[in-house]
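Participant: Please work out how this folds:
(4 chains)
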Protein chains: 2
Amino acid sequence: MSIVKKILIADDEPDILEIIQFNLQAEGYEVITAHNGNEALEAAKKHQPNLIILDIMMPGKNGIEVCNILRMQPQFNDSLIVFLSALSDEATEVRGLETGADDYLTKPISPKVLISKVNALFRRLNNEEPDVVKFGDLIIDRERYLIKLKEEEIILARKEFELLDLLASKPGKVFLRNDILNQVWGTEVIVGDRTIDVHIRKIRQKLNLNCITTVKGVGYKFEMQ
Amino acid sequence: MSIVKKILIADDEPDILEIIQFNLQAEGYEVITAHNGNEALEAAKKHQPNLIILDIMMPGKNGIEVCNILRMQPQFNDSLIVFLSALSDEATEVRGLETGADDYLTKPISPKVLISKVNALFRRLNNEEPDVVKFGDLIIDRERYLIKLKEEEIILARKEFELLDLLASKPGKVFLRNDILNQVWGTEVIVGDRTIDVHIRKIRQKLNLNCITTVKGVGYKFEMQ
DNA sequence: TGATGAGGTTAACAATTTGATAATAACGCT
DNA sequence: AGCGTTATTATCAAATTGTTAACCTCATCA
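Facilitator: Numbers count the residues shown, from 1 in each chain, chains lettered A, B, ... in the order given. Coordinates of the predicted model:
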């Protein structure tokens, strides 16, 4: 459950603004609009949007100028900037991208494609991990809380699943016992020393697969083979 | 001084492959090529590219299938995937992006635009430097708590690892026995004189490599060759 | 309402690994 | 050779983890 993303759209055509706003809101984003470059800069400063969609040709400051100004300010380092322009000439596109934009879209664009692009950008920005991950024969389905090993479903209890999922989130990395406690059990709960071991044991037993390695004095790590 | 990025291109048209390869190499990227989906999967596994450019229509597995397979494997979480296709229909584009691709480009594309896009993608990618130190054949991987020597994994016990890690943190510097005691054992613990020697010996034995030098009356230092 | 069972935790003990020490050998220097 | 230092080795204690069974809690259901 991530926080609602804020998107700022700057375009001087009210129709386009409205269509895009409607579609992005329907997708669950919070939308702010601006009708020209200066408005866009103000709104950006005020709302700190996660994504800024800029038309290139706008009254006052044009999109590329706006992008330039934004990119010089460290507070917008983590804001995505995307151009959406009717200009489809190569030079403008290259210039736009080199100004520091993250993408360059050309009008007309279908709402569905726009949303896919936006989602893709946020997916990468948040380094989101997929719901289903695969390690050779082993499949971890986070959505259904399910493990499959060679097409065989294996039922893990919640803590067991969360523990395996944590270890598998960074294969090879050694997780300290303390980190495991914090991430699986939370910082509030205090449990005994042997709790982790017992869960590890149950996982090993159920999977019957040599994928969790003990690093003595340090922690555990997940590795296939 | 970032490492040269590796880009894998998969396309069944040799001409396109060559043009893209040429341009990306001129931009300073390392390029690997594949002629179909299965080759692409193999090459991806082998080279762990930072970016994978996939044609959609290819013999064998098509691009979307390849993307699907890659996206389920956590080892490719940090690999960018971009489709480059002659298919410009909306449905395919949306499907491609929803498969987990980072961008969808349509042919024909000018080399300059392609390069701008690629640069923009890498600019945004959060590239965490891995917590590893390399000295020629020797790799110290703090995250995995292991040592690699010529692709051979060597397991050191905790104190051994910490000791080697300390010495290697400043190659050439002579660490006094006292400093070593303070940093590896802490100020509280008091251990005998010979303890350090014994650990040094174990490291030397396991690595079977002449990288720790004794400076008599002073301490030890780490040096390759 | 009490029986049942799954999930989770703990205690007790076994097994294993690690780390420290002591004893002795080897080294380097004067 | 004598001295101080480091290397080597075996040994033992301590720390850590593995294993098992017992226990507690809670939800479910007859």
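Participant: Please make it C-alpha for all contacts and neighbour counts, starting now.
Facilitator: OK.
Participant: Now do the strands in chain A.
Facilitator: Secondary structure of chain A (DSSP state E): strands at A:6-10, A:30-34, A:51-54, A:80-85, A:103-106, A:132-135, A:138-141, A:146-149, A:152-154, A:174-176, A:212-215, A:219-222.
Participant: In JSON lines: these, plus mean neighbour count and distance to chain B.
Facilitator: Putting the strands of chain A into JSON lines (neighbours: other CA atoms under 10 Å in any protein chain shown; distance: least, CA to the nearest CA, whole Å) gives the following:
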{"stretch": "strand A:6-10", "mean neighbour count": "26", "distance to chain B": "17"}
{"stretch": "strand A:30-34", "mean neighbour count": "19", "distance to chain B": "21"}
{"stretch": "strand A:51-54", "mean neighbour count": "26", "distance to chain B": "13"}
{"stretch": "strand A:80-85", "mean neighbour count": "24", "distance to chain B": "9"}
{"stretch": "strand A:103-106", "mean neighbour count": "19", "distance to chain B": "7"}
{"stretch": "strand A:132-135", "mean neighbour count": "20", "distance to chain B": "4"}
{"stretch": "strand A:138-141", "mean neighbour count": "19", "distance to chain B": "9"}
{"stretch": "strand A:146-149", "mean neighbour count": "18", "distance to chain B": "14"}
{"stretch": "strand A:152-154", "mean neighbour count": "12", "distance to chain B": "18"}
{"stretch": "strand A:174-176", "mean neighbour count": "20", "distance to chain B": "5"}
{"stretch": "strand A:212-215", "mean neighbour count": "18", "distance to chain B": "8"}
{"stretch": "strand A:219-222", "mean neighbour count": "22", "distance to chain B": "8"}
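Participant: Turn those into JSON lines, including mean pLDDT and distance to residue B:116.
Facilitator: Below are the strands of chain A laid out as JSON lines (pLDDT from 0 to 100; distance: least, CA to CA, whole Å):
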{"stretch": "strand A:6-10", "mean pLDDT": "97", "distance to residue B:116": "23"}
{"stretch": "strand A:30-34", "mean pLDDT": "97", "distance to residue B:116": "27"}
{"stretch": "strand A:51-54", "mean pLDDT": "98", "distance to residue B:116": "18"}
{"stretch": "strand A:80-85", "mean pLDDT": "96", "distance to residue B:116": "13"}
{"stretch": "strand A:103-106", "mean pLDDT": "95", "distance to residue B:116": "10"}
{"stretch": "strand A:132-135", "mean pLDDT": "92", "distance to residue B:116": "31"}
{"stretch": "strand A:138-141", "mean pLDDT": "95", "distance to residue B:116": "36"}
{"stretch": "strand A:146-149", "mean pLDDT": "93", "distance to residue B:116": "41"}
{"stretch": "strand A:152-154", "mean pLDDT": "93", "distance to residue B:116": "45"}
{"stretch": "strand A:174-176", "mean pLDDT": "97", "distance to residue B:116": "38"}
{"stretch": "strand A:212-215", "mean pLDDT": "96", "distance to residue B:116": "42"}
{"stretch": "strand A:219-222", "mean pLDDT": "97", "distance to residue B:116": "38"}
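Participant: Nearest to DNA strand C among these would be which one?
Facilitator: Between DNA strand C and the strands of chain A, the shortest separation by CA to the nearest atom of the strand is 6.8 Å, and it involves strand A:212-215.
Participant: Parallel or antiparallel, list what pairs with that closest one.
Facilitator: For strand A:212-215, the pairing partners within the sheet under DSSP bridges are strand A:219-222 (antiparallel).
Participant: surely residue A:207 meets residue A:155?
Facilitator: No - if you go by CA atoms under 8 Å, residue A:207 and residue A:155 don't touch, sitting 9.5 Å apart.
Participant: Count the residues that sit near the closest residue to residue A:131 other than its chain neighbours.
Facilitator: Counting by CA to CA, 6 or more residues apart in numbering or on different chains, residue A:142 is the residue found nearest to residue A:131 once chain neighbours are left out, at 5.1 Å. Taking other CA atoms under 10 Å in any protein chain shown as the criterion, the count of residues near residue A:142 is 16.
Participant: Please report how far residue A:142 lies from residue B:99.
Facilitator: The spacing between residue A:142 and residue B:99, counted by CA to CA, to the nearest Å, is 17 Å.
Participant: got it, and residue A:102?
Facilitator: As defined by CA to CA, residue A:102 lies at a distance of 20 Å from residue B:99.
Participant: List, one by one, the residues from chain A near DNA strand D.
Facilitator: Residues of chain A lying near DNA strand D by CA under 7 Å from any atom of the strand: A:193, A:194, A:197, A:198, A:200, A:201, A:214, A:215, A:216, A:217, A:218, A:219.
Participant: what stretches of chain A score poorly on pLDDT?
Facilitator: For chain A, applying pLDDT under 70 flags the ranges A:1-2.
Participant: Close to DNA strand C: what parts of it are there?
Facilitator: Chain A comes close to DNA strand C at residues A:155-160, A:185, A:190-195, A:198-199, A:215-217, as judged by CA under 7 Å from any atom of the strand.
Participant: residue nearest the centroid of chain A?
Facilitator: Central residue of chain A (CA atoms, centre = their mean): residue A:126, 2.7 Å from the mean position.
Participant: for it, what are its contacts?
Facilitator: For residue A:126, no contacting residues are found, by CA atoms under 8 Å, 6 or more residues apart in numbering or on different chains.
Participant: May I have the phi/psi pair for it?
Facilitator: The phi and psi values for residue A:126, taken as degrees, to the nearest 10, are phi -90, psi 0.
Participant: and the gap between it and residue A:78?
Facilitator: Shown here: residue A:126 relative to residue A:78, a distance of 10 Å by CA to CA.
Participant: next one: residue A:148
Facilitator: When CA to CA is the yardstick, residue A:148 and residue A:78 sit 37 Å from each other.
Participant: same thing with residue A:47?
Facilitator: In terms of CA to CA, residue A:47 sits 13 Å off from residue A:78.
Participant: go on, residue A:12?
Facilitator: Distance of residue A:12 to residue A:78, computed by CA to CA: 25 Å.
Participant: okay, these two: which has more neighbours?
Facilitator: Neighbours were tallied for residue A:12 and for residue A:78 using other CA under 10 Å; the higher tally belongs to residue A:12 (19 against 14).
Participant: I'd guessed the more buried one sits against residue A:36; true?
Facilitator: Yes - if you go by CA under 8 Å, residue A:12 and residue A:36 touch, sitting 5.8 Å apart.
Participant: Overlap in contacts, those two.
Facilitator: When contacts are counted by CA under 8 Å, 6+ apart, the set common to residue A:12 and residue A:36 consists of A:58, A:59.
Participant: just the helices in chain A please.
Facilitator: Along chain A, the stretches classed as helices by DSSP state H are A:14-26, A:37-47, A:63-71, A:90-98, A:111-125, A:158-169, A:177-180, A:194-207.
Participant: For chain A, what lies in contact range of chain B?
Facilitator: Within chain A, the positions lying close to chain B (CA under 8 Å from any CA of the partner chain) are A:90, A:93-94, A:97-98, A:100-103, A:110, A:112-113, A:116-117, A:120-121, A:124-125, A:127, A:129-130, A:132-135, A:169-174, A:215-218, A:221.
Participant: Now the buried members of these.
Facilitator: The neighbour-count test (16 or more other CA atoms under 10 Å in any protein chain shown) applied to the residues of chain A next to chain B identifies A:93-94, A:97-98, A:100-103, A:113, A:116-117, A:120-121, A:124-125, A:129-130, A:132-135, A:170-174, A:215, A:221 as buried.
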